[in-house]
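predicted coordinates and the sequence they were generated for:
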Amino acid sequence: MDSDELKKMSAKAALEQIKDGMIIGMGSGSTVMHLINLIGQRIKNDEIDIMAVPTSYETAQLCISSGIRLTTLDEHPSLALAVDGADEVDPNLNLIKGGGAALTKEKIVGSAAKLLAILVDESKLVKTLGEIAPLPLEVLPFAKSTVLNQLKEFGIPQVRMSNRKLGPVVTDNGNFIIDIFDLRIRDYSKMEKQLNAIPGVIENGLFVNMADIVYVGSEKGVKTLTKL
């Protein structure tokens, strides 16, 4: 079974959280895209009404095409549920996110939700964060060089370059992404605060103690992980 099928499995399992009349924080990434399509089918077949706060332009466009009405945190600053993907999940449900460069909005929307549900396939489960994915940071372009210099104590920092145009990846907020490879610090809460204290860093991709439930698509079915 390929990874895309496993992602679809986790999306189908998470669909049980979606109720008529809900206002949902909608994350980004390929697994969430499957969920949006499934919600769209329910809107069409069951005539339910769902509204979403999207975390990226891509998510917003797919919500619109799927019949999900859009709203904002200005209108709904508190959400019952947010759903999102992740690049890594450790045994304590700490996450690395930001592979799609939408980490700042994803963290804001996730923190506004009473329940944050994460959808992944089993390849994203790790013992220690940083095993398979770098840690992304959203950084002001003006501060790129000074931030790169200060990040060397945490690992090997690199500006993420676009593969569809010349130059760096630019976020929906107009900023750069710096990825830290070979993370050296394992106190995630401490590291999160240290990274965000660097002038020019907008947000980092450590999601510590934020996830409430994780749906994991695996060869043996969907595993549901919750906080210990």
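Sure, I can see it. Numbering: from 1, shown residues only.

who are the packing partners of the lengthiest strand in the chain?
Longest among the strand segments of the chain by residue count, using DSSP state E, is strand 113-121. Contact here means 3 or more CB pairs under 8 Å, 6 or more residues apart in numbering; DSSP states H and E; on that basis strand 113-121 packs against helix 3-14, helix 30-46, strand 79-84, strand 213-218. For glycine as for every other residue, the C-beta is placed from the backbone atoms N, C-alpha and C.

in its sheet, what does the last one sit against?
Looking at strand 213-218 with DSSP bridges, its partner strands are strand 113-121 (parallel), strand 221-226 (antiparallel).

any idea of the mean pLDDT for the longest one?
Mean pLDDT, taken over the full extent of strand 113-121, equals 97.

tell me where the chain has strands.
Using DSSP E, the strands of the chain run over residues 23-26, 51-54, 69-70, 79-84, 88-89, 95-96, 113-121, 135-139, 156-159, 176-181, 201-204, 206-207, 213-218, 221-226.

that older thread, same list, the helices and strands packed on strand 113-121, but as CSV with mean neighbour count please.
CSV is the format used below for the helices and strands packed on strand 113-121 (neighbours: other CB atoms under 10 Å):
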stretch, mean neighbour count
helix 3-14, 20
helix 30-46, 18
strand 79-84, 24
strand 213-218, 22
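
among these, which comes closest to residue 161?
Among the helices and strands packed on strand 113-121, the nearest to residue 161 by CB to CB is helix 30-46 (20.7 Å).

break the chain down into its structural domains.
The record assigns the chain these domain ranges, following automatic domain parsing: 3-126+208-226, 135-202.

nearest to residue 175 among the helices and strands packed on strand 113-121 would be which one?
strand 79-84 (19.5 Å).

can I get the closest one as PDB, trimmed to CA atoms?
Taking C-alpha atoms only, strand 79-84 is exported to PDB below (Å, rounded to 0.1, in the frame of the first residue of the first chain):
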ATOM      1  CA  LEU A  79     -12.500  26.900  17.200                       C
ATOM      2  CA  ALA A  80     -13.900  23.500  18.300                       C
ATOM      3  CA  LEU A  81     -11.500  21.600  16.000                       C
ATOM      4  CA  ALA A  82      -8.500  22.000  13.800                       C
ATOM      5  CA  VAL A  83      -7.200  19.300  11.500                       C
ATOM      6  CA  ASP A  84      -3.700  19.300  10.100                       C
END
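
thank you kindly, that will do.
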